[in-house]
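**Student:** Dropping a prediction and its sequence here:
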Amino acid sequence: MRQYEEAKAAHPDAILFFRMGDFYEMFHEDAVIAARLLDITLTSRNRGNPDEEPMAGVPHHAAAGYIARLLTFGHKVAICEQMADPSTVKGIVPRQVVRVITPGLVTDAEQLDARANHYLVAVDAAEDNTERGIALLDLSTGELSAGMIPDLASLLGELARCDPREVLVGGGLPADVKKGAGLAAPRAVLRDDEPLDDGDVAATIDGAVAEPIAAEAAVTLPLSARRAAARALRFAHKCTPGSPLPVRRIAPYDPTGAMRIDETAQVHLELVRGADGSRKGTLLETVDATVTPAGARLLRRRLLAPLLDVASIRRRLDEVQAFVENPRARAELREALAKVGDLERLSVRAVLREATPKDLGALRDGLLAAPAAVAATRSIVDAGELFGAEVDTLPELAAKLAAALVDRPPALAREGGFVREEYDAELGTQRRLARGGAEEMTKLEAELREKTGAGSLRIRFTRVFGWYIEVTKTHLGKVPPDFRRKQTVAGGERFTSDRLDELADGLENAESRALARETDIFEGLVRLVAESAERIRKLARTLASWDVAAALADVAHRQDYVRPEVDMGEALVIEGGRHPVVERLAAAGRFVPNDTTLDLGGERLWLLTGPNMAGKSTLMRQVALITILAQAGSFVPAQGARIGVVDRVLSRVGASDNVARGESTFMVEMRETATILRDATRRSLVILDEIGRGTSTYDGLAIAWAVAEHLHDAVGCRAMFATHYHELTELAQHGPGVANWSVSAREHAGDVVFLHKLVKGPASRSYGVAVARLAGVPEPVLARAKAILATLEAGAALPSGKHATMRGRTKQGSVQLDLFAKAKPDVDAAAPVLETLRAVEVERLTPLDALTFVARLKSLLPS
Ligand SMILES: Nc1ncnc2c1ncn2[C@@H]1O[C@H](COP(=O)(O)OP(=O)(O)OP(=O)(O)O)[C@@H](O)[C@H]1O
């Protein structure tokens, strides 16, 4: 147990998986926690003795699933392996912690989403807390980026964007940063990191990345960013004690170069995750036609961080256009890329010495497919200019892997059988010997059967007993004297003989030598791949960017998207724009395209009215999504688009509670509105859907009015504002930049027909009652609603003779709608009954509705 105690002392905060034979055992507190979380049996060691201790174990081959479970609960798992084959070691087998797996640092394909990055994030601050640094490490791809973040809001925005699994919060960070990090990265485990001094920073970075890069980082990266990078590297290094880190570069992380789409907008626009947390119905799902995991990850990153630089955006659009115009090259490229697999993650597994024969096989297939991908791209005119000159496809490594490995190598190296016999003379010899030995065994069996006349005699092998001769009971009398009894089984006896032992030894020798040789070859190949990791990753990056361009071209072709013009102008002109997701879900040809123009020099604030369900939200989201797609470098669902670069997309859509954060609907609404008003710049695109709805009518209207005014007068950005407050449409008289638009609908025989077509001017009415009918609200309720509506629209007079307001105050001070109060006996008591009766459409009533209706009328009469 000394080994155990030492390993545990080195990793006190991890659950220690201590390898013993075919099991990983856990002890003490670890065993208790694991038994509870993994639903495995808690046993004990030295039962009944004073040193009895809890113990639990999981089979070694099934460990991955258990580890994944523990990670989801935020635990770290330290893997302590046997460092030698127990059968060859005298005394205690040496053991060592080879890897600590934490939620942010997983490399096992089963625990990773192939189509998304998996980040560990470190956050730091300069000594005087004036600047904040962030570092993002994806160990599974070996990518590390670091940069400075100007303020807390941006930092939280970045955390929401990269959706990390683990956040290291450097010691000394203010409490608001820690609290904010927890909220902005809800899926992450927050971990307090140990102190770090400046000497540690330099040493950690120098030790991890290549010298020129470390030197460059020292000059170009601000201290807070370097500190964050060093934290991430130090943590990762501690977790992979046995092998070098796969990180070779520190990419500058510059959020100011990207469009900011804060968490709220990401959620409201359903960019990469829908309301249920899945990819279903998101923009990403709609435009992600990539065929490689690395391409999918790149596209996801691009959608979450569209560019601001016009030249770079145009370069991406040029690439997409090239593939739109060359369908043949596109098809060939995509066919080749489909075989490429995940070169990035496979090469990292080799660096971490975690690669299996199957991984090497996949890497080989990927490398072999790369030249066809290059050829396809090269077939495009001007390809060199667009897609870079030389591409290194590592032909020598591909050839070596192809020569060495069998077609479908197994997942486990332990049992061998993955290196081609022709690849290595020694391996060939041992395999032949082994095969010869097996043939000899068959021959011996036939010989013995003949000699003894025991027809049931068999020569068999099991892992536990090795080779033996089995004879059934009926033939035991024929067993010759030189057979030695080994074991008695139900049906007969098992024997051995000198000849059998001799053959078995030879066979076993040949097999174990073959396996040892294969293991050597395998380790050599893994080393070779690890040495080439940087080149492989460079190739993977190139292929991923082609994959994205070809995928977007494919979507553009299939969905009829056009190339947007992107410039630094101040207009956002979309002709025949469509919502990329809704149009796919709508029946073919049923989606109604609309033109929208927001222009800082003209109409910059649109007030959008129209009935419920008319398509106001859809229209506003479509404008935002088209802008995001364009700046991410994609074609867009429209007949034409001119996008004057937008620096931020800010949105507040619909009302939703955030009970988890302990805030009411209205509080959330106002908090989000406040953020928008604070963060919006003249270049931003703001989308507001029915703000003010979460409170009483007049308060809501007042707030909505003031917000719209502020956006128009003070911020002066491009904005769309959907509202059901028709009073707000008067704002158009307020300033030249405000315009009224509405999404049209028609009422036909009491039913509403949505046209989804934009028309200039405010909506004439709301059709709320008609929509309520569409939703199945019972007729008696509809009739009463219509009656109330008519009274309201006529400007009802109160008993006191005052003009009706929507609300009044009771003596106790509580708010109530006067119109819903029962009529008092001294006024025309029958009025509401008559109004309701007049409004009902008798032909729509079911018999049951009619009964309910009569009861309702009666209840309206004073008793
Ligand atoms: N341009 C369009 N063409 C075809 N169908 C559309 C269009 N726009 C919206 N729709 C359909 O109408 C439904 C309602 O749209 P949306 O939610 O945008 O309405 P809304 O006006 O915002 O409603 P509410 O005021 O109730 O929030 C959508 O789910 C979609 O199916």
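**Tutor:** That came in fine, so what should we check first?
**Student:** residue ranges with poor pLDDT in the stretch 101-250 of the chain?
**Tutor:** Along the stretch 101-250 of the chain, segments meeting pLDDT under 70 span 126-129, 171-172, 211, 214.
**Student:** Dump whichever strand or helix holds Arg784 to CSV, restricted to CA.
**Tutor:** Secondary structure from DSSP states H and E places Arg784 in helix 779-793. Provided in CSV are the C-alpha atoms of helix 779-793 (Å, rounded to 0.1, in the frame of the first residue of the first chain):
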residue,chain,number,x,y,z
GLU,A,779,-65.3,29.9,-27.7
PRO,A,780,-66.9,31.3,-24.5
VAL,A,781,-63.6,32.8,-23.4
LEU,A,782,-63.0,34.2,-26.9
ALA,A,783,-66.5,35.8,-26.9
ARG,A,784,-65.9,37.4,-23.6
ALA,A,785,-62.4,38.6,-24.7
LYS,A,786,-63.9,40.2,-27.9
ALA,A,787,-66.5,41.9,-25.8
ILE,A,788,-63.9,43.4,-23.5
LEU,A,789,-61.8,44.4,-26.5
ALA,A,790,-64.7,46.2,-28.0
THR,A,791,-65.4,48.1,-24.8
LEU,A,792,-61.7,49.0,-24.5
GLU,A,793,-61.4,50.2,-28.1
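**Student:** Now do that helix: distance to the chain's middle.
**Tutor:** 47 Å (Cα atoms, centre = their mean, to the nearest Å).
**Student:** Any idea which residue of the stretch 1-150 of the chain lies closest to the ligand?
**Tutor:** At 26.4 Å from the ligand, Arg115 is the closest residue in the stretch 1-150 of the chain, using Cβ to the nearest ligand atom. C-beta coordinates here come from the backbone N, C-alpha and C atoms, glycine included.
**Student:** Could you confirm that residue falls within a helix?
**Tutor:** No - Arg115: not assigned to a helix; according to DSSP: H, G, I helix; E, B strand; the rest coil it is coil.
**Student:** Pull the number of nearby residues for Asp108.
**Tutor:** When neighbours are defined as other Cβ atoms under 10 Å, Asp108 has 15 of them.
**Student:** Could you find the closest non-adjacent residue to it?
**Tutor:** Ala64 (5.8 Å; Cβ to Cβ, 6 or more residues apart in numbering).
**Student:** outside of the helix or strand where that neighbour lies, which residues touch it?
**Tutor:** Element membership of Ala64, judged by DSSP H and E, is helix 63-72. Identification of contacts with helix 63-72 by Cβ atoms under 8 Å, 6 or more residues apart in numbering yields 15, 17, 24, 34, 37-38, 40, 58, 77, 101-103, 106, 108, 110-111.
**Student:** Swap in 10 Å and give it another go.
**Tutor:** 14-15, 17, 19, 23-24, 26, 30, 33-34, 37-40, 58-59, 75-77, 79, 101-106, 108-111, 165-166, 187, 189 (Cβ atoms under 10 Å, 6 or more residues apart in numbering).
**Student:** how distant is that helix from the center of its chain?
**Tutor:** With Cα atoms, centre = their mean, you get 18 Å for helix 63-72.
**Student:** ok so, going back, buried subset of the contacts of helix 63-72?
**Tutor:** The neighbour-count test (16 or more other Cβ atoms under 10 Å) marks 14-15, 17, 19, 23-24, 26, 30, 33-34, 38, 58, 75-77, 79, 101-106, 109, 111, 165-166, 189 as buried among the contacts of helix 63-72.
**Student:** and the residues you listed, which of them are in helices?
**Tutor:** Asp30, Ile33, Ala34, Leu38 (DSSP state H).
**Student:** Among these, which ones lie close to the ligand?
**Tutor:** Counting by Cβ under 6 Å from any ligand atom, nothing from those sits close to the ligand.
**Student:** Show me which of the residues you listed is closest to Glu575.
**Tutor:** For these, the residue nearest Glu575 by Cβ to Cβ is Leu38; the value is 57.7 Å.
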